[in-house]
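Engineer: sequence first, predicted coordinates after that:
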Amino acid sequence: MAKHTMTVLADGSERVAYNDPAYPVYAGFGRLGRLPGMKVIHHWHEDMEFIYCRTGHMVYSVNGEHVRLREGDGIYVSPRQVHRNYSEDGTDASYLTVLIHPSLLRTRFQEMEQIISDMLRGDGCPYLLLRPEVEWQKQMIDEIRRIHVLIRRPEESRMIGVMGCAFEMTFLLHENMPQETESARPDRRIPTLRDMVNFIQKHYAEKVSIADICKAGKVGSSTCYDLFKKHLDTTPLGYLTLYRLEKSLELLASPGLSITEVAYATGFSGASYYAESFRKQYQLSPTEYRTRIQAELREGNEAKG
């Protein structure tokens, strides 16, 4: 079971670890079976996200709407959408991820800039399921796979090829993306939800109350609960606990901290409650998780040696 954590910026968005810091593109391989609980916590970022499901099947949640990906399917998620992927039935799936920051598509042509900016807002189409049976969607999937090949090339040819793919994918989206998805029009309160999620991600190590979360979103408790349940499938305090657990995974990888120290560092009131919450979420204890992580690190170091 691999360590899986994310770095959050001051505005609550995810900091993406690009393959090359000079170019805002990430291409990576993922496997649900290597994630604690076989799922990623809900998050968002400024990047366009493209996923290709190589083997198995999985579910993608985008703003609370659940999309099932079969083997061979893909999905595009617009920037700033609250999303995650997970296993619905405990079976594994492998997938390719490509993240492209909109800044890669910047040009000196104002009209083109406006077209791209409007398209990437995702107001009417926060995501798009990609099926290989549809020709243009198959082209999108092929571009995802192509980027994964190009990203391993020498630097002088890598980024020209990747940028070509990025513009081709943007063109395909512009030509074919519907103005609105077939589902209900996106909830206009998503920015409010992001504000509350941002508050939790910035203050998770502190004492946080429902009133604090509501204040961050400038809404009442009923609206707060409704947004979390509708879009994140949990309560505000439930998300707080999930995020604290997620952040604790990184600390467990360090042998220098005791389980009690990890618990307090991530906002839990004590080691017992932390261990109980951890086992309920991941079906193993923090100590067992730490043992697995350290074993994986040793195996990795031995393989390199």
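Structural biologist: That came through, no problem.
Engineer: just the strands in the stretch 101-250 of the chain please.
Structural biologist: Taking DSSP state E, counting those that start in this stretch, the strands of the stretch 101-250 of the chain run over residues 127-130.
Engineer: quick one, domains of this structure?
Structural biologist: In the domain annotation for the chain, the residue ranges read 7-176, 190-297 (automatic domain parsing).
Engineer: in CSV, list these along with mean neighbour count and mean pLDDT.
Structural biologist: Any C-beta I mention is one placed from the backbone N, CA and C, and that applies to glycine too. Shown next, in CSV, are the domains of the chain (neighbours: other Cβ atoms under 10 Å; pLDDT from 0 to 100):
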stretch, mean neighbour count, mean pLDDT
domain 7-176, 17, 85
domain 190-297, 17, 92
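Engineer: any idea which element V59 lies in?
Structural biologist: Following DSSP states H and E, one finds V59 within strand 58-62.
Engineer: which elements pack onto that strand?
Structural biologist: Applying 3 or more Cβ pairs under 8 Å, 6 or more residues apart in numbering; DSSP states H and E, we find strand 58-62 packed against strand 65-69, strand 74-77, strand 83-86.
Engineer: can you name the residues in contact with it?
Structural biologist: Residues from elsewhere that reach strand 58-62 (Cβ atoms under 8 Å, 6 or more residues apart in numbering): 32, 42, 51, 66-69, 75, 77, 81-88, 93, 95, 126-127, 233.
Engineer: and with 6 Å instead?
Structural biologist: 32, 66-69, 75, 77, 81, 83-88, 93, 126-127 (Cβ atoms under 6 Å, 6 or more residues apart in numbering).
Engineer: repeat that for stretch 28-42.
Structural biologist: In contact with stretch 28-42 (Cβ under 6 Å, 6+ apart) are residues 2, 4, 58, 82, 84-87, 92-95, 97, 232, 242, 246, 281-282.
Engineer: all helices in the stretch 151-300 of the chain, in order from the N-terminus.
Structural biologist: Along the stretch 151-300 of the chain, counting by DSSP state H, counting those that start in this stretch, helices occupy 155-176, 190-203, 210-217, 221-232, 236-252, 259-265, 271-282, 286-304.
Engineer: now render those as TSV, adding distance to W136.
Structural biologist: Putting those into TSV (distance: least, Cβ to Cβ, whole Å) gives the following:
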stretch	distance to W136
helix 155-176	5
helix 190-203	27
helix 210-217	38
helix 221-232	29
helix 236-252	36
helix 259-265	48
helix 271-282	40
helix 286-304	40
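Engineer: which one of the ones you listed lies closest to Y18?
Structural biologist: Between Y18 and these, the shortest gap by Cβ to Cβ is with helix 155-176, which sits at 10.9 Å.
Engineer: so which of the helices and strands packed on strand 58-62 is nearest I160?
Structural biologist: strand 74-77 (22.7 Å).
Engineer: now for that closest one, which elements pack on it?
Structural biologist: Counting contacts by 3 or more Cβ pairs under 6 Å, 6 or more residues apart in numbering; DSSP states H and E, strand 74-77 packs against strand 48-56, strand 127-130.
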